[in-house]
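*Asks:* sequence below, structure please.
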Amino acid sequence: MSRYGLVGQLALTALFAVMTVIMGVVLLVYVIYIDMDPRMPRDLPFLTRVTGWFLAASVFFGLGSWALQRRHWTRWVWWVPQIGVLLALWGMIQSLRVAS
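*Replies:* Have a look, this model is predicted:
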């Protein structure tokens, strides 16, 4: 079971790390072209928040992967913040559906 858990943890770590890089590039483009559209300054705080959540998710899943691989005593404790971050991201995605 722990090997499958480790593979899942590493896959989610990689996914969230890539999403953090992508959102960082999007934020960079927004900052460069902030004066082009009046909606851009309004959307910037939300994009910053989403980027922060992706960064937090990649850190939490990375630490969980490390703890699971090293059989550290905190390997099961990391599931609590991981579930919290996933639920927060899910809530943000749902709020986007309502706003659209």
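
*Asks:* just say helix, strand or coil for W73.
*Replies:* With DSSP: H, G, I helix; E, B strand; the rest coil as the basis, W73 sits in coil.

*Asks:* what's the separation between it and L96?
*Replies:* 38 Å (C-beta to C-beta, to the nearest Å). To be clear about C-beta, it is placed using only N, CA and C from the backbone, and glycine gets the same treatment.

*Asks:* please apply the same query to L55.
*Replies:* 19 Å.

*Asks:* pick out whichever of W73 and L96 has more residues nearby.
*Replies:* Set W73 next to L96 and count neighbours by other C-beta atoms under 10 Å: L96 wins out with 11 against 8.

*Asks:* report pLDDT for that one.
*Replies:* The model reports L96 with a pLDDT of 76.

*Asks:* residues making contact with the host helix or strand of it?
*Replies:* With secondary structure defined by DSSP states H and E, L96 is part of helix 79-99. With contact meaning C-beta atoms under 8 Å, 6 or more residues apart in numbering, helix 79-99 is reached by R49, V50, W53, F54, A56, A57, F60, F61, G64.

*Asks:* which of these fall within helices?
*Replies:* R49, V50, W53, F54, A56, A57, F60, F61, G64 (DSSP state H).

*Asks:* burial count for the first one?
*Replies:* Spelled out, that is R49. 12.

*Asks:* who's in contact with it?
*Replies:* Contacts of R49 by C-beta under 8 Å, 6+ apart are M92.

*Asks:* could you shift the numbering so residue one becomes 6, and keep it that way?
*Replies:* Fine by me, first position is 6 from now on; the one you just mentioned is R54.

*Asks:* and the gap between it and S70?
*Replies:* 24 Å.
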